[in-house]
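K.L.:
no FASTA, just this:
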C-alpha cells in the first residue's frame, strides 16, 4: 500500500507500480533499466524480486543520496548513474535489458523543494532545472525575445492566452527582474481571463512550458525512448508513464507507428513478413492504463498519468528518422536559444 504522506525517507510515489509489477514480474530472472530514478520508488519495488538486477539513472544529482542507500542494501544487484536518459545508448553499448521504464515529468520531490524554482509558490530563483542544464527559467523569462517567449508558452504549454501573458511579462521585466515563481504567477494571473469552475491554476501551462524548454524534455523523450528500443532484448518491455498531452502523443506515435500492426487494414488479416519490416515492436493495442480511484485518492498527483507498454520484436534497430521528423516543431523550439 502507498504511504499517505510524503516523507524525507520516501518522498515520491511510484505511480501505478502495482500495474507495472504485474507486467514486469513474468520472468524469473530479469534486468531492469530505471531511466527516471528520482527517489528510487520503482527501483526499490523491482529489487524486492530476489532475482532482479536494476540499473538506474537520473539527471538530478539530488537523487544520488537515495541511490547510495539502495546500493548499501543491494550491493550486487543495483547500480546508479547521474546522467540524462538520452545518453543510455552511449553508457550501455554492450548491454541488453528485459524491462526499461520511464516515469516522465517532474517529481513531487522536485516540485516541493521550493529552492528549485518549479513551484508557483516559490520565492526563490526561477530555476526549474532538473539537473545537467545549460539554461534556467530566469534567463528565459527575462532575456528571451517576445516572439520566442510566445512560441515557447503557446506550443510547449498549449496555452491559448500566450500573447497576453508575454505582453505583461515584457512590461514587468522592463521595470525589474522577474525573479521568483510567485512574481511570475502574479503576472500570469492578471493576464488571463477568469474562468469560473476551472480548478487548474492559471499558471500551470506557462510553468509547464518553461520547465519543458529549460530541460529539453521533448528532445530527451524522443532520444530516450528511441535509444531504449535499441537496448531492449527481443520480447523485452518498454514502459512509459506520461503526464501531459505532448508526452503521450509522442509515446503513442512511436509505439503505434513502429509496431508490426502499424499498417494493417483489418485485424482479421494475417500479418506477413514483409509488413513487419521497418518495425521495432510486436502488435500494439494502443491501450492506456490509468491510475485506480484508490491510487488517485492516496496520490492526487497521479490523476493525469497514462501508462503505455509495448513489446520489442526481433528486428534489428535502425534510426527512426521519421519519428524525429514528425515532432521536429518541438525539437526546433527546444534548441532555440535567443
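P.N.:
Okay, I see it. Only a predicted model underlies this, so the values are computations on that prediction, with no experimental measurement involved.
K.L.:
any stretches of the stretch 201-338 of the chain with poor pLDDT?
P.N.:
The model of the stretch 201-338 of the chain has pLDDT under 70 over residues 263-276, 337-338.
K.L.:
mind listing the helices for the stretch 1-150 of the chain?
P.N.:
Per DSSP state H, counting those that start in this stretch, the stretch 1-150 of the chain has helices spanning 17-24, 41-47, 64-73, 88-91, 108-111, 137-143, 146-151. These are given in chain order.
K.L.:
hey, which of these is tucked in deepest?
P.N.:
helix 41-47 (a mean of 23; mean count of other CB atoms under 10 Å). C-beta: built from backbone N, CA, C; applies to glycine.
K.L.:
centre of the chain to it, how far?
P.N.:
18 Å (CA atoms, centre = their mean, to the nearest Å).
K.L.:
which residues does it contact?
P.N.:
With contacts defined as CB atoms under 8 Å, 6 or more residues apart in numbering, helix 41-47 is touched by 10, 12-14, 17, 20-21, 24, 32, 34, 36-37, 52, 54, 56, 70, 73-74, 77-78, 99, 101, 103.
K.L.:
re earlier: tabulate the helices of the stretch 1-150 of the chain (TSV), appending distance to residue 325.
P.N.:
Below are these laid out as TSV (distance: least, CB to CB, whole Å):
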stretch	distance to residue 325
helix 17-24	31
helix 41-47	32
helix 64-73	36
helix 88-91	20
helix 108-111	31
helix 137-143	26
helix 146-151	19
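K.L.:
among these, which comes closest to residue 294?
P.N.:
Between residue 294 and these, the shortest separation by CB to CB is 9.9 Å, and it involves helix 17-24.
K.L.:
mind putting the helices of the stretch 1-150 of the chain in TSV, mean pLDDT included?
P.N.:
Below are those laid out as TSV (pLDDT from 0 to 100):
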stretch	mean pLDDT
helix 17-24	92
helix 41-47	96
helix 64-73	98
helix 88-91	96
helix 108-111	90
helix 137-143	98
helix 146-151	98
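K.L.:
what about the strands in the stretch 151-300 of the chain?
P.N.:
Listed in chain order, the strands of the stretch 151-300 of the chain (DSSP state E, counting those that start in this stretch) span 232-242.
K.L.:
residue 61: neighbour count?
P.N.:
By other CB atoms under 10 Å, the residues close to residue 61 number 10.
K.L.:
wait, isn't it in contact with residue 82?
P.N.:
Yes. With contacts counted by CB atoms under 8 Å, residue 61 reaches residue 82, the gap being 5.5 Å.
K.L.:
overlap in contacts, the two.
P.N.:
Each of residue 131 lies in contact with both residue 61 and residue 82 under the rule CB under 8 Å, 6+ apart.
K.L.:
domain ranges for the protein?
P.N.:
Per the record, the chain has its domains at 17-109+218-334, 112-216, by automatic domain parsing.
K.L.:
pLDDT weak spots in the stretch 51-200 of the chain?
P.N.:
196-198.
K.L.:
looking at the helices of the stretch 1-150 of the chain, which is closest to residue 306?
P.N.:
Relative to residue 306, the nearest member of the helices of the stretch 1-150 of the chain by CB to CB is helix 17-24, separated by 11.5 Å.
K.L.:
tell me the angle that closest one makes with strand 232-242.
P.N.:
160 degrees (axes from the mean of the first three to the mean of the last three CA atoms, to 10 degrees).
K.L.:
need the contact list for the residue most central in space within the chain.
P.N.:
Using CA atoms, centre = their mean, the residue of the chain that lies closest to the mean C-alpha position is residue 104, 1.9 Å off. The contact partners of residue 104, taken as CB under 8 Å, 6+ apart, are 36, 217, 221, 240-243, 247.
K.L.:
try it again with 10 Å
P.N.:
35-36, 85, 217, 220-221, 224-225, 240-244, 247-248, 250-251, 305-306 (CB atoms under 10 Å, 6 or more residues apart in numbering).
K.L.:
for residue 326, same thing?
P.N.:
For residue 326, the contacting residues are 222, 249-250, 253-254, 257, 320, by CB under 10 Å, 6+ apart.
K.L.:
re earlier: nearest to residue 231, out of the helices of the stretch 1-150 of the chain?
P.N.:
Using CB to CB, those put helix 88-91 closest to residue 231, at 6.3 Å.
K.L.:
what does that closest one rub up against?
P.N.:
Residues from elsewhere that reach helix 88-91 (CB under 10 Å, 6+ apart): 33, 35, 55, 57, 81, 83, 85, 95, 97, 100, 223-224, 226-231, 317.
K.L.:
report the buried members of those residues.
P.N.:
33, 35, 55, 57, 81, 83, 85, 97, 100, 223-224, 226-231 (16 or more other CB atoms under 10 Å).
K.L.:
what's the burial count for residue 261?
P.N.:
Counted with other CB under 10 Å, residue 261 comes out at 18.
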